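Enquirer: How does the following fold in three dimensions:
(one chain, ligands or ions: 1)
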Amino acid sequence: MAPERSLYSDEVMDHFLHPRNSGDLKDATLEIEQVNDVCGDNIVLAVRLEAGKIIDAAFRSLGCAVAVATASMVTEAIKGKTPEQAEESVEGVLRRVRKGTAEDKSHCSNMVEQVWKKTLAAIRALGKQAG
Ligand code: FES
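Expert: Numbers count the residues shown, from 1 in each chain. Down below sits the predicted model:
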């Protein structure tokens, strides 16, 4: 069921209705899953790394409109970026999502934030291994 338009910003609504980077990512370097403790939904974030950059990203989620929109915006924000650049961009995305959605949906964007933070930690760990 489509969410009620007035509850969401135009940007969030657009990413929910037209999610970017939804589906499997071929040759993913990392695939990280997060379950939402509040509702039981989940998300898998996949990234492909090359030369220290996130060259591609995709997500699969059984989450609601806010989760799908947030994941879509996050994947757009991290593609082509270094981990540091991506971290900054995602902070901006999360601020916009939280401004553009109802308070009681914060656990949905939190789930995406959690999977992103786990992914970022894994990217940094890989970078350390590569030396
Ligand atoms: Fe489960 Fe939003 S209701 S992620």
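
Enquirer: What separation is there between residue 107 and the ligand?
Expert: Distance check for residue 107 against the ligand: by Cβ to the nearest ligand atom, to the nearest Å, it reads 7 Å. C-beta: built from backbone N, CA, C; applies to glycine.

Enquirer: If we go by neighbour counts, what in the helix or strand harbouring residue 55 is buried?
Expert: Using DSSP states H and E, residue 55 maps to strand 53-61. By neighbour count on 16 or more other Cβ atoms under 10 Å, the buried set for strand 53-61 is 53-54, 56-61.

Enquirer: need the contact list for residue 75.
Expert: The contact partners of residue 75, taken as Cβ atoms under 8 Å, 6 or more residues apart in numbering, are 20-21, 45, 57-59.

Enquirer: cool, residue 87 as well?
Expert: Contacts of residue 87 by Cβ under 8 Å, 6+ apart are residue 120.

Enquirer: quick revisit: farthest-separated two in the contacts of residue 75?
Expert: The distance between the two most remote of those (Cβ to Cβ) is 13.3 Å, for 20 and 45.

Enquirer: From the contact counts, what lies against the lengthiest helix in the chain?
Expert: For the chain, the longest helix by residue count, based on DSSP state H, is helix 106-130. Contact here means 3 or more Cβ pairs under 8 Å, 6 or more residues apart in numbering; DSSP states H and E; on that basis helix 106-130 packs against strand 30-35, strand 42-50, helix 65-78, helix 83-99.

Enquirer: related to what we said a few turns ago, what about residue 20 and residue 45, which has more around it?
Expert: Taking other Cβ atoms under 10 Å, residue 20 and residue 45 do not tie; residue 45 has more neighbours (28 against 17).
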